[in-house]
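S.K.: Got a sequence here, can you build the structure:
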Amino acid sequence: MKSENVDVLVIGAGPSGAVSASILHQKGFKVKVVEKEKFPRFVIGESLIPRCMDNFEEAGFIEGVLEKNFEKKFGARFLRGNEVCHFDFSKKFTEGWDWTWQLPRAEFDKTLTDILTSRGVDIEFETAVENVIFNGTDSLTTVSNVKGEKEIHAKFIIDSSGYGRVLPRLLDLDAPSSLEPMAAIFVHLDDKRRPQGVEGTQITFDVLTQRNWFWVIPFSDGKSSLGLVAPKEYMESIDTGNNAETFKNIINQSDYYKERFDGLDFLFEPKKIVSYSAAVKKLYGSGFALTGNSAEFLDPVFSSGVCFATESGATSARLAARQLSGEAVDWEKEYEEYIMYGVNVFRSYVRTWYTGELQKLFFHTPENPEVKRKVCSILAGYVWDKNNNFVAKHDRAVPAVAYSLPG
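M.R.: Predicted structure coming up:
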């Protein structure tokens, strides 16, 4: 069997794996990326948040992505009937990026891997991981593709395999999510009646009921992504047996958007995912780290997925580089505790969104500008800034404020 030797094997070429590979390559390590799919490929997670930009900047991706003219995202709008709540990322508590992108992930992810390939990073697409054997921090990974099987010897593995969850599956690391089982159904269409200006380009979350919400993500090419998120049981109750018919019925539930999207053709059969939240027993082990969706995924409501993917990808790459250079790394403190702190901040906000407490805060008038600045920082992904008391006291800040509000 053929074999090769690398410093780091990265499993998965999405944003998490791309950030990891780029940072390690910049530091002079020999990196190999294996990706099961052929790019470009469709994937959900089309709305980024500003914290991602710090990681893309470190990985050297900003300039190359700017050339693609993806739609810039400067904030978000939340609707509930006649009520409107705007968040402007330039008016947040924590210093950092004031904008990011909303984009079709197929083209975006391909852009990142094209940049990596142009820099000499070795990426093998349509290559699946069959088995991994660890000997201390060293590993032997068997992969397969149309050319057959081969072995990759690595000193460290970063698993960025997303929903493929390669190492959690092979090493029995999967754990049940603490969040309620939810479901999503989504589609793209040509947004032919899109209004001009900000009204037509801003991302919007249309709250249909306390636990059901509808997203609209406009892209720079005139297309838009639409989706409904709701409890699993509700999604089952509205299932007509035909996803296109079901989605047409969903559009009609949105008083704000039904005229804009009525009768427009879908660009593909609407896709559905059920019980998408995921967790693991550990984020690392001897010779490996889990990043992005291969570790934890919460909920799409605040677009935290790519933020955690890039944050964990960048952090694991830095730590792996130090370890490979002979430093002692405290993976528990510097990786697990750090990443999970941010995850748990967002988890608190996801929970209070669905209990209605966060929605009460969003739509209350008159608004409290200082509270809004601090919440805006969280929506921007700055969930590690403990100077923000809505981060430091994430498990009780929103319920306390919501309780104090009338109504």
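
S.K.: Helix or strand next in line after the longest strand along the chain, which one?
M.R.: In terms of residue count, the longest strand belonging to the chain (DSSP state E) is strand 148-159. Toward the C-terminus, strand 148-159 is succeeded by helix 166-170 as the next helix or strand (DSSP states H and E).

S.K.: domain parsing for this structure?
M.R.: Domain ranges of the chain: 2-74+100-176+277-342, 182-274, per automatic domain parsing.

S.K.: quick check: mean pLDDT across the longest one?
M.R.: The predicted model gives domain 2-74+100-176+277-342 an average pLDDT of 96.

S.K.: Please apply the same query to the shortest one.
M.R.: Domain 182-274 carries an average pLDDT of 96.

S.K.: Tell me the gap between that domain and the middle of its chain.
M.R.: Mean-position distance between domain 182-274 and its chain equals 19 Å (Cα atoms, centre = their mean, to the nearest Å).

S.K.: shift numbering so it begins at 30
M.R.: Happy to do that; since the first residue is 30 now, the last one works out to domain 211-303.

S.K.: So residue 184 versus residue 50, what's the distance?
M.R.: Separation of residue 184 from residue 50 (Cβ to Cβ, to the nearest Å): 15 Å. Bear in mind the C-beta positions are built from the backbone N, C-alpha and C, glycine included.

S.K.: Looking only at neighbour counts, state which of those two leads.
M.R.: Taking neighbours as other Cβ atoms under 10 Å, residue 184 and residue 50 compare with residue 50 leading, 31 against 19.

S.K.: what about the more buried one, helix or strand, and which?
M.R.: Following DSSP H and E, one finds residue 50 within helix 44-55.

S.K.: For residue 143, grab the count of nearby residues.
M.R.: 13.

S.K.: on contacts alone, who are the packing partners of the helix or strand following the helix holding residue 50?
M.R.: Remark: after helix 44-55, the chain's next helix or strand is strand 60-63, criterion DSSP H and E. Strand 60-63 sits against strand 31-40, helix 44-55, strand 151-153, strand 177-188, with contacts defined as 3 or more Cβ pairs under 8 Å, 6 or more residues apart in numbering; DSSP states H and E.

S.K.: residues of the second one that come out buried?
M.R.: By that I understand helix 44-55. 44, 45, 46, 47, 48, 49, 50, 51, 52, 53, 54 (16 or more other Cβ atoms under 10 Å).

S.K.: Centroid-nearest residue for this protein?
M.R.: Centroid-nearest residue in the chain: residue 334, 1.9 Å away (criterion: Cα atoms, centre = their mean).

S.K.: From what I see, that residue and residue 325 are in contact.
M.R.: No: using Cβ atoms under 8 Å, residue 334 is not in contact with residue 325, being 9.5 Å away.

S.K.: show me what contacts residue 260?
M.R.: Shown in contact with residue 260 (Cβ atoms under 8 Å, 6 or more residues apart in numbering): 209, 210, 211, 212, 240, 241.

S.K.: Dump the residues you listed to JSON lines, plus secondary structure and distance to residue 393.
M.R.: Below are the contacts of residue 260 laid out as JSON lines (DSSP: H, G, I helix; E, B strand; the rest coil; distance: Cβ to Cβ, whole Å):
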{"residue": "209", "secondary structure": "coil", "distance to residue 393": "25"}
{"residue": "210", "secondary structure": "coil", "distance to residue 393": "29"}
{"residue": "211", "secondary structure": "strand", "distance to residue 393": "25"}
{"residue": "212", "secondary structure": "strand", "distance to residue 393": "29"}
{"residue": "240", "secondary structure": "coil", "distance to residue 393": "19"}
{"residue": "241", "secondary structure": "strand", "distance to residue 393": "21"}
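
S.K.: from those, which two are the most distant?
M.R.: 210 and 241 (14.2 Å; Cβ to Cβ).

S.K.: which residues are contacting stretch 147-166?
M.R.: Against stretch 147-166 from outside (Cβ under 8 Å, 6+ apart): 35, 40, 42, 50-51, 54, 60-68, 142, 145-146, 168-175, 178, 184-186, 190, 195-196, 199-200, 314-317, 352.

S.K.: End to end on it, go ahead and measure it.
M.R.: 30 Å (Cα to Cα, to the nearest Å).

S.K.: And stretch 219-239, by the same measure?
M.R.: End-to-end for stretch 219-239, by Cα to Cα: 29 Å.

S.K.: Return the set of buried residues in it.
M.R.: Here stretch 219-239 shows 220, 223, 230, 231, 232, 233, 234, 235, 236, 237 as buried, counting by 16+ other Cβ under 10 Å.

S.K.: Tell me if I'm right that the first one and residue 254 touch.
M.R.: So the one you mean is residue 220. No: the pair residue 220 / residue 254 is not scored as a contact, 9.6 Å apart, by Cβ under 8 Å.

S.K.: can you give me the helices in the stretch 280-429 of the chain?
M.R.: Applying DSSP state H, counting those that start in this stretch to the stretch 280-429 of the chain gives helices spanning 287-290, 334-353, 360, 367-384, 386-392, 398-408, 418-421, 426-433.

S.K.: which SS state does residue 42 fall under?
M.R.: coil (DSSP: H, G, I helix; E, B strand; the rest coil).
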